[in-house]
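[1] Need coordinates for the below:
(chains A and B)
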Protein chains: 2
Amino acid sequence: MPLLRSWVESANAPDHPFPLNNLPCGVFSMPGGDPRCGVAIGDFVLDVAGLEEAGLVALSGGPFLDVPFWNDLMEAGPAVWAALRDRLTALLAEGAAERAAVAPFLVPLAGATLHMPFLVSEYTDFYAGRHHATNVGTMFRGAENALPPNWLHIPIGYNGRASSVVVSGTPVRRPWGQLKGPEDAAPRFAPSARFDIELELGAVVGLPSEGPVTVAEADAMIFGYVLLNDWSARDIQAWEYQPLGPFQAKATATTISPWIVTRAALEPFRTSTPAREKPLLPYLHEPRPMLYDIALEVGLTPEGGTETVIARTNYAEMYYSAAQQLAHHTTCGCPMNTGDLLGSGTISGPTKDSRGSLLELSWGGKEPIVIAGGSRSFIEDNDTLTLRGWCRGDGYTIGFGDCSGKVLPALEDPYART
Amino acid sequence: MPLLRSWVESANAPDHPFPLNNLPCGVFSMPGGDPRCGVAIGDFVLDVAGLEEAGLVALSGGPFLDVPFWNDLMEAGPAVWAALRDRLTALLAEGAAERAAVAPFLVPLAGATLHMPFLVSEYTDFYAGRHHATNVGTMFRGAENALPPNWLHIPIGYNGRASSVVVSGTPVRRPWGQLKGPEDAAPRFAPSARFDIELELGAVVGLPSEGPVTVAEADAMIFGYVLLNDWSARDIQAWEYQPLGPFQAKATATTISPWIVTRAALEPFRTSTPAREKPLLPYLHEPRPMLYDIALEVGLTPEGGTETVIARTNYAEMYYSAAQQLAHHTTCGCPMNTGDLLGSGTISGPTKDSRGSLLELSWGGKEPIVIAGGSRSFIEDNDTLTLRGWCRGDGYTIGFGDCSGKVLPALEDPYART
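    Take a look at the predicted model:
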């Protein structure tokens, strides 16, 4: 598919993240205004809540956009998602008759504040990157036991904490926690000294389900994708995670990018999961390619310093797709709801500079990485970490918008007030 | 505290679960009617939504009871909780002047359908029973490694799946899942053959929090408690749980009792956690007794058969209290919300007949237990499992109401329709 040309001129630049082919869904506010649903187009946000109110967008069963989140529209299902996309494509296309009526609903992106694009119902995080699982497994359990015996059969996942999901730009406070280093005789309560990122893609469930669904059905339930940084306190994690998995190490914050890039926008970029080392059970078979070719990078910017890109990788590195993960999630009859968020697991490539966490990049702190003006083993106070992602089409780019967070110093003592 | 006598005569019987001292909060409907908030008193449900509508209950900042769940009232905080309890106690007390006005709002409990008493925001399950952790650890990892090194320092918990929480009486379908027995060369997709219960108490968070809270603050955030059965597929669990914890094994259903017994009603039954084998870090210190003396039992009834009580134990057996668990939950800055549900972990006592799961009672299936007319290693199709709990006061009983579920046979093949 080539670039779809728009009368919003900035959207036609081949490198712009928000061409007419994209139309990602977010929630924005202007100074003094309330948050409302919007769609990014070029250098603007299109106030789609306003368009619906004005009757320029009329969706069967609506209104869906009169609330400051996309859940109502997502719950309405794929026919409504397609109708909205078709209508917006027509309204914004070069030569559209409605240009004069629509133009007043464009506001400059630069002046907008972006909010959480949807209400997160529940958050599940997976562990589906083979390079990541092998790297972390080697560090935590030795090379012999790096990949657990179930890993090539199950998209391993665990439930995370939805209340901790925040939108890009929200500062993240370095957590305190119970931890015990290999040298410590007893556990301590202290600020995490090994605070880290995890570069992930998040799948947003649009359609709810009851009972087990197939991979194809799961794919159809997904409304879109966001970038996702699953902040992780490695020292808390190492002490707490056995036998029941990560808990407080992962609940300080999970940052997502502000725009949901719809599955429709990603269609041209489908690609297959890699060859299976061991055959999967039939319920995990993919009827067609379910990953996407999405280039990813992580930037680290110290306070007042220059950004260094510390990792470059691609979502196509994953061993399991979001559709496989979602299908597995339903096998036991677990009900899935509109607004459920599924983290892909850390996306690491095969090379040193394609690893999606500092734990891997610095090999547990043993090999600090070089950044502009210094080095890093883990995140230092006031560092800003930014995830970026994009697909390259034929003369256009599908961008996700930055997924960024600055790490503030830990509180002096969280119990001092008591 | 002695029995508080009510003009609702049935509430004055010393064995009745719902005396005036209790006033547990639920949601009920009558045939043809919509669900609404109610409080149990003797053999009746008091339609408190109706009382508020009629002005007989007027709470500052209200109305809170005009919705079919208790979340709005819970979010209003302890002063409103106390005001409601005081007002209902006055309206229902022997000799109350308002008796004639209130009586029309009583409906027979026998004719009411009970619904979920609150919207579950997120669900966390803990692992805080020492006998249970020791038993399960011995079976899964051997007696030497039974209790993980962190267990005496951290109230170990993991995030569960809120969407799977159902109210007592909801049938539970035996799940399919990916599993691999010790004899199997490769994993299979099959119905769970080792489906089990976990006898737990659930703490219901009323007040939300941001940032770390102390144990005393955590206690004050808890609105009340329910019985909780964390249904568990042991064969799915054994294969999936490493390294990131239980996932599909625990997401088929979690059943709770229909009445939230308030913390206020439980005050007379406070008791201390046991002596610490290792000192706890200061953030986990309890300023006063935080467990409760709650007698518990589990009944198993085969289809058309007679119930056998298969376990008797007490909530006072726990090593960590809900207040400690909630405080630990917040250490990393994890925001807690109204409607969060915290499972205590399986409550097993020191003796064979006080174990809170079939896994422990039958020692992994090796020692089937005897029931009326048969034996059991794990749950068989059409068995009904019922948890019960009560506190014995001075001439009265605080009951929780049954927490019951019947296990239906697995679907023939969940993917047959595709």
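[2] Please make it C-alpha for all contacts and neighbour counts, starting now.
    Fine.
[3] Return the set of buried residues in stretch A:357-371.
    Within stretch A:357-371, the residues that qualify as buried are A:357-364, A:368-369, A:371, counting by 16 or more other Cα atoms under 10 Å in any protein chain shown.
[4] any chance of those in JSON lines, with secondary structure and distance to chain B too?
    JSON lines is the format used below for the buried residues of stretch A:357-371 (DSSP: H, G, I helix; E, B strand; the rest coil; distance: Cα to the nearest Cα, whole Å):
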{"residue": "A:Ser357", "secondary structure": "coil", "distance to chain B": "18"}
{"residue": "A:Leu358", "secondary structure": "helix", "distance to chain B": "20"}
{"residue": "A:Leu359", "secondary structure": "helix", "distance to chain B": "17"}
{"residue": "A:Glu360", "secondary structure": "helix", "distance to chain B": "18"}
{"residue": "A:Leu361", "secondary structure": "helix", "distance to chain B": "21"}
{"residue": "A:Ser362", "secondary structure": "coil", "distance to chain B": "22"}
{"residue": "A:Trp363", "secondary structure": "coil", "distance to chain B": "19"}
{"residue": "A:Gly364", "secondary structure": "coil", "distance to chain B": "18"}
{"residue": "A:Pro368", "secondary structure": "coil", "distance to chain B": "25"}
{"residue": "A:Ile369", "secondary structure": "strand", "distance to chain B": "27"}
{"residue": "A:Ile371", "secondary structure": "strand", "distance to chain B": "28"}
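[5] Between all of the residues you listed, which two are at the greatest distance?
    Pairwise distances across these peak at 16.8 Å for A:Gly364 and A:Ile371 (criterion: Cα to Cα).
[6] burial of the residue lying closest to A:Pro35 once chain neighbours are set aside, as a residue count?
    With Cα to Cα, 6 or more residues apart in numbering or on different chains as the criterion, A:Pro35 has its nearest non-adjacent residue at 4.4 Å, and that residue is A:Ser29. Residues near A:Ser29, counting by other Cα atoms under 10 Å in any protein chain shown, number 21.
[7] thought A:Ser29 was touching A:Arg36?
    Yes. In this structure, A:Ser29 is within contact of A:Arg36 by Cα atoms under 8 Å, at 6.4 Å.
[8] and the one helix or strand in chain A whose mean pLDDT sits lowest, which residues are buried?
    Within chain A, judged by mean pLDDT, DSSP states H and E, the helix or strand with the poorest mean is helix A:130-141; its value is a mean of 92. Buried residues in helix A:130-141, counting neighbours by 16+ other Cα under 10 Å, are found at A:130-139.
[9] hmm, back to that, bridged to the residue nearest to A:Pro35, which residues?
    When assigned by DSSP bridges, A:Ser29 has beta-bridge partners A:Thr113.
[10] ok, it to A:Trp70 distance?
    Relative to A:Trp70, A:Ser29 is positioned 14 Å away (Cα to Cα, to the nearest Å).
[11] and what of A:Val27?
    A:Val27 is 8 Å from A:Trp70, by Cα to Cα.
[12] related to what we said a few turns ago, what's the very next helix or strand once past the least confident helix or strand of chain A packed up against?
    Counting by DSSP states H and E, the next helix or strand C-terminal to helix A:130-141 is strand A:157-159. On a contact count with 3 or more Cα pairs under 8 Å, 6 or more residues apart in numbering or on different chains; DSSP states H and E, strand A:157-159 meets strand A:123-126, strand B:157-159.
[13] Would you mind putting these into CSV with distance to A:Asp413 and mean pLDDT alongside?
    Formatted as CSV, those follow (distance: least, Cα to Cα, whole Å; pLDDT from 0 to 100):
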stretch, distance to A:Asp413, mean pLDDT
strand A:123-126, 29, 98
strand B:157-159, 24, 98
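[14] closest to A:Ser164 out of these?
    That would be strand A:123-126 among the helices and strands packed on strand A:157-159, by Cα to Cα, at 9.3 Å.
[15] what's around the closest residue to A:Asn314 other than its chain neighbours, how many residues?
    Once flanking residues are discounted, A:Asn314 sits nearest to A:Ala295: 4.5 Å by Cα to Cα, 6+ apart. Neighbours of A:Ala295 under the rule other Cα under 10 Å: 16.
[16] ok, A:Ala295 - contacts?
    A:312-315, A:389-391 (Cα atoms under 8 Å, 6 or more residues apart in numbering or on different chains).
[17] Among the residues you listed, find me the one that's closest to A:Ser164.
    Nearest to A:Ser164 among the contacts of A:Ala295, counting by Cα to Cα, is A:Gly389 at 22.2 Å.
[18] I'd assumed that closest one was in a helix, is it?
    No. Counting by DSSP: H, G, I helix; E, B strand; the rest coil, A:Gly389 is not part of a helix but strand.
[19] mind checking pLDDT for it?
    pLDDT for A:Gly389: 98.
[20] B:Phe400 versus that one, what's the distance?
    From A:Gly389 over to B:Phe400 (counting by Cα to Cα), the distance is 52 Å.
[21] ditto for A:Gly26
    45 Å.
[22] Next: A:Pro368.
    Taking Cα to Cα, one finds A:Pro368 at 56 Å from B:Phe400.
[23] again with A:Trp390
    Shown here: A:Trp390 relative to B:Phe400, a distance of 54 Å by Cα to Cα.
[24] Neighbour count for these two, which is higher?
    Between A:Trp390 and B:Phe400, B:Phe400 has the larger neighbour count (other Cα under 10 Å), namely 24 against 18.
[25] got the contact list for the residue nearest to that one when sequence neighbours are not counted?
    Closest residue in space to B:Phe400, ignoring its immediate chain neighbours: B:Gly389 at 5.7 Å, by Cα to Cα, 6+ apart. Counting by Cα under 8 Å, 6+ apart, B:Gly389 touches B:227, B:294-297, B:399-402.
[26] any idea which of the residues you listed is closest to chain A?
    Closest approach between the contacts of B:Gly389 and chain A, by Cα to the nearest Cα: B:Leu227, at 20.8 Å.
[27] Neighbours of the closest residue in space to that closest one that isn't next to it in sequence, how many?
    Take B:Leu227 and drop its neighbours on the chain: the residue closest to it by Cα to Cα, 6+ apart is B:Leu201, 4.7 Å away. B:Leu201 has 26 neighbouring residues, counting by other Cα under 10 Å.
[28] Which element, helix or strand, includes B:Leu201?
    strand B:199-205.
[29] Given that strand, what are its sheet partners and their directions?
    Strand B:199-205 pairs in its sheet with strand B:222-230 (antiparallel), strand B:341-343 (antiparallel), by DSSP bridges.
[30] can you list contacts of it?
    With Cα under 8 Å, 6+ apart as the criterion, strand B:199-205 contacts B:74, B:221-230, B:256, B:260, B:298, B:315, B:322, B:336-347, B:356-357, B:387.
[31] Okay, strands next: where are they in the stretch 151-300 of chain A?
    With DSSP state E, counting those that start in this stretch as the definition, the stretch 151-300 of chain A shows strands at residue ranges A:157-159, A:165-167, A:172-173, A:176-179, A:188-191, A:195-196, A:199-205, A:222-230, A:232-233, A:254-256, A:261-262, A:270-271, A:291-292, A:295-301.
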